[in-house]
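Visitor: after the sequence you'll find the predicted model.
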Amino acid sequence: KAAAGTCSVRGTGDLPDALGRIVAMDSPVYCPGVTELEKAAAPLFPVRAADYADAAVTVEEVFGAIAETGTIVCVSAGGRAVQAGLLPAHHVAIVRRERIFGTLDDLFAAVSGAPPTNITLVTGPSRTADIELTLAIGVHGPEKLDIILV
């Protein structure tokens with residue numbers, strides 16, 4: 001099966017265009033509005049969900065990414081709910097280029113002083129084959145993951 005996701009590199013000024021190409025504007029979107037990028041993105045969506053549990057899509061700036069594995073890093077610090085990117089069927093993760101860590105060890109070195117309560121590492125859309133060895137996507141998390149590097 002296809003990866004069920006994309007990664008695009010944009011400037012911060014191109015974020016509205018990138019989001020418009022990825023997110024169906026008639027879908028309920030949860031955007032936490034915690035960071036400046038999220039605050040800029042939230043008004044772009046005509047149908048907004050007040051809670052991630054009611055959303056079809058979560059658009060959020062994540063803590064960072066790990067280059068070695070293509071993994072995004074979600075944390076529970078700063079008023080964020082880690083589940084926001086795990087519950088809806090589509091997760092759009094915004095990653096700042098300066099928050100790309102080379103390896104997992106580099107990530108842990110960066111958070112060693114004050115680690116968040118929870119760190120979730122996501123490497124692609126949720127997939128499992130533990131039921132009758134049949135591949136299923138979206139069982140334990142989003143079935144689609146799009147990453148925008150800014």
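Guide: Structure received. Residues are numbered from 1 along each chain as shown.
Visitor: which residues sit in contact with the closest residue to residue 50 other than its chain neighbours?
Guide: Ranked by CB to CB, 6 or more residues apart in numbering and with sequence neighbours excluded, the top spatial neighbour of residue 50 is residue 30, at 7.9 Å. C-beta here means a position set from N, CA and C on the backbone, and glycine is covered the same way. With contacts defined as CB atoms under 8 Å, 6 or more residues apart in numbering, the neighbours of residue 30 are 48-52, 54-55, 57-59, 84, 88.
Visitor: would you turn those into TSV with neighbour count, secondary structure and pLDDT?
Guide: Below are the contacts of residue 30 laid out as TSV (neighbours: other CB atoms under 10 Å; DSSP: H, G, I helix; E, B strand; the rest coil; pLDDT from 0 to 100):
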residue	neighbour count	secondary structure	pLDDT
48	16	strand	92
49	18	coil	93
50	9	coil	90
51	11	coil	89
52	21	helix	88
54	12	helix	92
55	24	coil	93
57	25	strand	94
58	24	strand	94
59	30	strand	96
84	21	helix	85
88	26	coil	89
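Visitor: quick one, phi psi at the residue nearest to residue 50?
Guide: Main-chain torsions, residue 30, degrees, to the nearest 10: phi -100, psi 120.
Visitor: and for residue 145?
Guide: Backbone geometry at residue 145, expressed as degrees, to the nearest 10, gives phi -130, psi 120.
Visitor: pull up the gap between the nearest residue to it once chain neighbours are set aside and residue 137, please.
Guide: Setting aside the residues directly before and after it, residue 145 is nearest to residue 5 in space (CB to CB, 6+ apart), at 3.9 Å. Residue 5 sits 10 Å away from residue 137, going by CB to CB, to the nearest Å.
Visitor: likewise residue 30?
Guide: Distance of residue 30 to residue 137, computed by CB to CB: 21 Å.
Visitor: residue closest to the middle of this structure?
Guide: The C-alpha lying nearest the average C-alpha coordinate of the chain belongs to residue 93 (CA atoms, centre = their mean; 2.9 Å).
Visitor: the helices in the protein, which residues?
Guide: 15-22, 36-41, 104-111 (DSSP state H).
Visitor: can you list those helices in a markdown table and add mean pLDDT?
Guide: Below are the helices of the chain laid out as a markdown table (pLDDT from 0 to 100):
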| stretch | mean pLDDT |
| --- | --- |
| helix 15-22 | 91 |
| helix 36-41 | 93 |
| helix 104-111 | 95 |
